[in-house]
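Asks: Sequence and predicted structure, then a few things I'm wondering about:
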Amino acid sequence: IMALFFHLITYLIRNYKVNKIQKDNHDLIFQIIDYIGNNFNDALTTSHLAEQFHLSEQYFCNLFKKKTGLTPMNYINKFRAEKAAKLLKNTDLSITDISSYVGFNDPVYFSRIFKKYLNTSPRDYRKQL
């Protein structure tokens, strides 16, 4: 009976730790996504984000992809492209200004990323509106 009792206690402790770690990781991902949303127009890199959240870069990248299905940079670029689409729709800012505002230093690279995620160029997207 004592052996079964210790086995049960061990089982409960292990599962509690696993569930707590999963919950902590889930909360951490929401914090990271919130940080990206508030700082998307800054020069964000995986090393900067990992350092910001006190994680190794490899662990950060693996955890982020596991939880979101995207690499951190793919998530950031997609977020920026979607933000740019809103600006193209709701403002008269030039495409170059929008690309700079959403965090791209190179308008050509911005156009390539925009087309990757929205299947059209920024210029054509604005014309369609």
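Replies: In hand now; what should we look at?

Asks: switch to C-alpha atoms for all contacts and neighbour counts from now on
Replies: OK.

Asks: And the residue nearest to the spatial centre of the chain, which helix or strand is it part of?
Replies: Nearest to the geometric centre of the chain sits residue 75, at 4.1 Å (C-alpha atoms, centre = their mean). For residue 75, the host element (DSSP states H and E) is helix 72-90.

Asks: In CSV, list the C-alpha atoms belonging to that helix.
Replies: The C-alpha coordinates for helix 72-90 follow below in CSV (Å, rounded to 0.1, in the frame of the first residue of the first chain):
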residue,chain,number,x,y,z
PRO,A,72,9.5,34.3,-34.8
MET,A,73,10.7,36.2,-37.9
ASN,A,74,7.9,34.8,-40.0
TYR,A,75,5.4,35.9,-37.4
ILE,A,76,6.9,39.3,-37.2
ASN,A,77,7.0,39.7,-41.0
LYS,A,78,3.4,38.5,-41.3
PHE,A,79,2.3,40.9,-38.5
ARG,A,80,4.1,43.8,-40.3
ALA,A,81,2.6,42.9,-43.7
GLU,A,82,-0.9,42.9,-42.1
LYS,A,83,-0.3,46.2,-40.4
ALA,A,84,1.0,47.6,-43.7
ALA,A,85,-2.2,46.4,-45.4
LYS,A,86,-4.3,48.4,-42.9
LEU,A,87,-2.2,51.5,-43.5
LEU,A,88,-2.5,51.1,-47.2
LYS,A,89,-6.2,50.9,-46.9
ASN,A,90,-6.8,53.7,-44.4
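
Asks: So the residue nearest to the centre of the chain versus residue 65, what's the distance?
Replies: Per C-alpha to C-alpha, to the nearest Å, residue 75 is found 9 Å from residue 65.

Asks: and the helix holding residue 75, which residues are buried?
Replies: Buried residues in helix 72-90, counted by 16 or more other C-alpha atoms under 10 Å: 72, 75-85, 87-88.
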